[in-house]
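Peer 1: Attaching a predicted model along with its sequence, questions to come.
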Amino acid sequence: MKNMLVTGGCGFIGTNFVRYLLKESDFKGRVINADKLTYAGNPENLTDIEENFPERYIFEKVDICDRENIARIFDEHEIDTICHFAAESHVDRSIVDPDAFIQTNIVGTFGLLELAKANQDRLELFHHISTDEVFGSLGKDGFFTEQTSYKPNSPYSASKAASDHLVRAYHKTYGLQVTISNCSNNYGPYQFPEKLLPLMILNGLEGKSLPVYGDGRNVRDWLFVRDHCTAIWEIMKRGKRGETYNIGGNHEMENIGLVEMICDILDGIQKPEAKESRRELIAFVKDRPGHDRRYAIDSTKLNRELGWVPKESLETGIRKTIQWYIDNREWVNRVRSGEYQSWIKEQYG
Ligand code: NAD
Ligand code: DAU
């Protein structure tokens, strides 16, 4: 793995992965980050990486659906490995306007697979990043394993499921060297403040309402993003080709419990204005249509085969994340005001 194409490297998980790969892992090659820079992609996340690793980090602003340009990047940088993060990732947006989800998540992935197939002689690995949402919703008990059948419920998860099937099919039919990982809800630094955790942290800090969908009893399994990055890298290095691995945080929590936990930690750091506790800011709002009740991942296979376990506890992970958002108000302001978008226009046209 000398020249790795990372798609979507300016998004939340992609940013953390590129930083991990170049600063902490034993990867010795170059990263070519291909990102369209949608509202969710911010190249400022990697400015220091660009400065500190000029020989090993290259950024290309490109849409993965632009097959001509992606092929050019592939040849120019002699790509031998792909780690595919690029996607439309927010469930609520997929309910309102699914079009981009179909284009990027399905058609974009198909284009990358076609390119990988055409360059099979030098392609060592196509690693596809997917989600536990493809499995649908669990009842009170049980876990998603690699054998669980797919039952996606939102346009987002249906588009991710379609892309997973295509990746698998290219392995079975054309012998493409692939691995797939399906992970649970990530949290940590650089997450766009539309997702539950950063939204609650920022609204909580600003004394704004904390909107909890439905009865707040939906359960998610929370995975600290750095743990996710170490798992991806282990799978890429040592995972069996053609196989799927589940990655979970072992931290199931009802949304309401998580939001209350955030409120209590914030109260401990900074007294709320004109309130006893930030819990008073919690507002139960209209439920998300088709809202999956419970996700829970069984990552026994990853543990058994590759010895991976998540290291971060939920409490320490949330504290670190809160501190990151407190320390990086400038990042938050620029992301929220869209200021970074004007910067993108200036830099990349
Ligand atoms: P994100 O929305 O933060 O980032 C997505 C990135 O992809 C952005 O930088 C965006 O500009 C880029 N992108 C979007 N469309 C593109 C296109 N057509 N061409 C090139 N780049 C494009 O997403 P994330 O939370 O970092 O998720 C990354 C991957 O992980 C996705 O595939 C998602 O389905 C998967 N995943 C996310 C989570 C989670 O909790 N965030 C959990 C499981 C799986
Ligand atoms: O499970 C993995 C998935 O996790 C990823 O594939 C998706 O890309 C990622 O966005 C995430 O999806 P969720 O829908 O689980 O994440 P979100 O942060 O949007 O919501 C988490 C839970 O919190 C969910 O049950 C909906 C609820 N929620 C969300 C928001 C934004 C609220 O109650 N209030 C909110 O304002």
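Peer 2: Happy to help now that I have it. Numbering: from 1, shown residues only. Ligands and ions are numbered 1, 2, ... in the order given.

Peer 1: Would you mind listing what in the stretch 51-200 of the chain touches ligand 2?
Peer 2: 89, 90, 91, 131, 132, 133, 184, 185, 195, 196, 199 (CB under 6 Å from any ligand atom). Placement of C-beta: from N, CA and C, glycine included.

Peer 1: Considering only those residues, which also neighbour ligand 1?
Peer 2: Applying CB under 6 Å from any ligand atom to these, those adjacent to ligand 1 are 89, 131, 185.

Peer 1: Of these - the most surrounded one?
Peer 2: residue 89 (25 neighbours; other CB atoms under 10 Å).

Peer 1: how many neighbours does residue 319 have?
Peer 2: Quick note: residue 319 (other CB under 10 Å) scores 14 neighbours.

Peer 1: Please determine how far it is located from residue 221.
Peer 2: Residue 319 sits 19 Å away from residue 221, going by CB to CB, to the nearest Å.

Peer 1: I'd assumed residue 60 was in a helix, is it?
Peer 2: No: judged by DSSP: H, G, I helix; E, B strand; the rest coil, residue 60 forms no part of a helix; its state is strand.

Peer 1: in this structure, what residue is nearest ligand 1?
Peer 2: residue 11 (2.0 Å; CB to the nearest ligand atom).

Peer 1: got a list of what that residue touches?
Peer 2: 35, 40, 41, 85, 86, 89, 192 (CB atoms under 8 Å, 6 or more residues apart in numbering).

Peer 1: before we move on, back to that, would you point out the most distant pair within the residues of the stretch 51-200 of the chain next to ligand 2?
Peer 2: 132 and 199 (20.4 Å; CB to CB).

Peer 1: What distance do you get for the nearest residue to residue 188 once chain neighbours are set aside to residue 320?
Peer 2: Counting by CB to CB, 6 or more residues apart in numbering, residue 188 lies nearest to residue 225, which is 3.5 Å off, once chain neighbours are set aside. According to CB to CB, residue 225 and residue 320 sit 10 Å apart.

Peer 1: Show me the common contact partners of these two, please.
Peer 2: Among the neighbours of residue 225, those also in contact with residue 320 (CB under 8 Å, 6+ apart) are 188, 189.

Peer 1: higher neighbour count, these two?
Peer 2: residue 225 (23 against 15).

Peer 1: Could you double-check that the more buried one sits in contact with residue 186?
Peer 2: Yes: taking contacts as CB atoms under 8 Å, residue 225 lies within contact range of residue 186: 4.7 Å.

Peer 1: what's the burial count for the nearest residue to residue 98 once chain neighbours are set aside?
Peer 2: Computed as CB to CB, 6+ apart, the closest residue to residue 98 that is not its neighbour in sequence is residue 155, at 3.7 Å. Each residue near residue 155 was counted by other CB under 10 Å, and the total is 21.

Peer 1: mind listing what residue 155 touches?
Peer 2: 94, 95, 98, 101, 102 are the contacts of residue 155 under CB under 8 Å, 6+ apart.

Peer 1: One more: residue 81?
Peer 2: Counting by CB under 8 Å, 6+ apart, residue 81 has contacts 1, 2, 3, 4, 5, 29, 123, 124, 125, 126, 127, 236.

Peer 1: Residue 89 now?
Peer 2: With CB under 8 Å, 6+ apart, residue 89 has these contacts: 11, 12, 40, 156.

Peer 1: tell me the contacts of whatever residue of the stretch 201-349 of the chain ends up closest to ligand 2?
Peer 2: Going by CB to the nearest ligand atom, ligand 2 is nearest to residue 213 of the stretch 201-349 of the chain, at 3.5 Å. Counting by CB under 8 Å, 6+ apart, residue 213 touches 255, 284, 285, 286, 287, 288, 291.

Peer 1: neighbour-wise, which of residue 132 and residue 199 wins?
Peer 2: residue 132 (26 against 17).

Peer 1: dump the residue contacts of the more buried one.
Peer 2: Contacts of residue 132 by CB under 8 Å, 6+ apart are 144, 182, 183, 184, 221, 246, 248, 295, 297.

Peer 1: how about a cut-off of 7 Å?
Peer 2: Applying CB atoms under 7 Å, 6 or more residues apart in numbering, we find residue 132 in contact with 144, 182, 183, 184, 295, 297.
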